[in-house]
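*Asks:* I would like the atomic coordinates for the input below:
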Amino acid sequence: LVLISIVTNAFVAHLLIFYQEYFLRSGVQPIWLGLGLALGSAVAFFTQLHAWRLPAMLGTRNGLIVATGAPGVLYLLMAVIDQPALAVVLFIVQWGVVQLAIPLFAGLFNAHLDESARATSLSLISGVVTVYIGVGGVVLGWLAEWSLSGMFAILGVVILAGTILVR
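*Replies:* Residues are numbered from 1 along each chain as shown. A predicted model of the protein is given here:
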């Protein structure tokens, strides 16, 4: 279950093509994709730099719930909000928040994986993420062709379900 949550959050960074379509459908000027990426990357830098504060304030379990669940909530909002200014804000926040879980999981892996199995375990996780992105990309592309809002809603529900199951 932890692996499902990890790969789902890792997948979010590969959804840039869907954000372009989201901006087009929301009436956002194309320049905002680049500006949004720059601002979102600044938010991601900040969230990764201060990720350790989340479990320090909320505890490891609750910190991970917030870190993995927030992208799901943001996708659900993206499914229903198409106002241009809010679309840009959601994109920037999403791009930054999705990076929050990365250092938290890295810390857990380093603390819980036996040193002799760490490299193999991390390689296995990387392989699963790669396969998931390959298969998931096709599924999400098909869903986006059907309905971009529907795809965001399904992605949000899957992320939130993974977060609840992982708790």
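*Asks:* drop to CA atoms for contacts and neighbour counts, all remaining ones
*Replies:* Noted.
*Asks:* look at the residue of the chain most remote from its centre and give its secondary structure.
*Replies:* The outermost residue of the chain relative to its centre, with distances by CA atoms, centre = their mean, is S116 at 29.7 Å. Recorded secondary structure, S116: coil (DSSP: H, G, I helix; E, B strand; the rest coil).
*Asks:* now the phi/psi pair for it, please.
*Replies:* Main-chain dihedrals, S116, degrees, to the nearest 10: phi -70, psi -20.
*Asks:* quick check, pLDDT for it.
*Replies:* Looking at S116, its pLDDT reads 77.
*Asks:* and what of S5?
*Replies:* So S5 comes in at 52 (pLDDT).
*Asks:* and if you look at A42?
*Replies:* You'll see A42 listed with a pLDDT of 94.
*Asks:* where does it fall, secondary structure wise?
*Replies:* helix 31-49 (DSSP states H and E).
*Asks:* what's the distance between that helix and the middle of its chain?
*Replies:* 14 Å (CA atoms, centre = their mean, to the nearest Å).
*Asks:* residues contacting the next helix or strand after that helix, please?
*Replies:* As assigned by DSSP H and E, the chain's next helix or strand after helix 31-49 is helix 53-58. Applying CA atoms under 8 Å, 6 or more residues apart in numbering, the external contacts of helix 53-58 come out as T60, R61, N62, G63, L64.
*Asks:* buried ones among the residues you listed?
*Replies:* G63, L64 (16 or more other CA atoms under 10 Å).
*Asks:* where does the protein have low pLDDT?
*Replies:* The chain contains residues with pLDDT under 70 at 1-14, 166-167.
*Asks:* try it again at 80.
*Replies:* For the chain, the stretches with pLDDT under 80 are 1-17, 105-138, 140, 165-167.
*Asks:* just to revisit the earlier point, mind listing what's buried in the helix holding A42?
*Replies:* For helix 31-49, the neighbour count (16+ other CA under 10 Å) marks W32, L33, G36, L37, L39, G40, S41, V43, A44, F45, T47, Q48 as buried.
*Asks:* and of those, the nearest to V98?
*Replies:* Nearest to V98 among the buried residues of helix 31-49 is A44, at 7.7 Å by CA to CA.
*Asks:* what sits closest to that closest one if chain neighbours are left out?
*Replies:* Leaving aside its chain neighbours, A44 sits nearest to G96 (3.7 Å; criterion: CA to CA, 6 or more residues apart in numbering).
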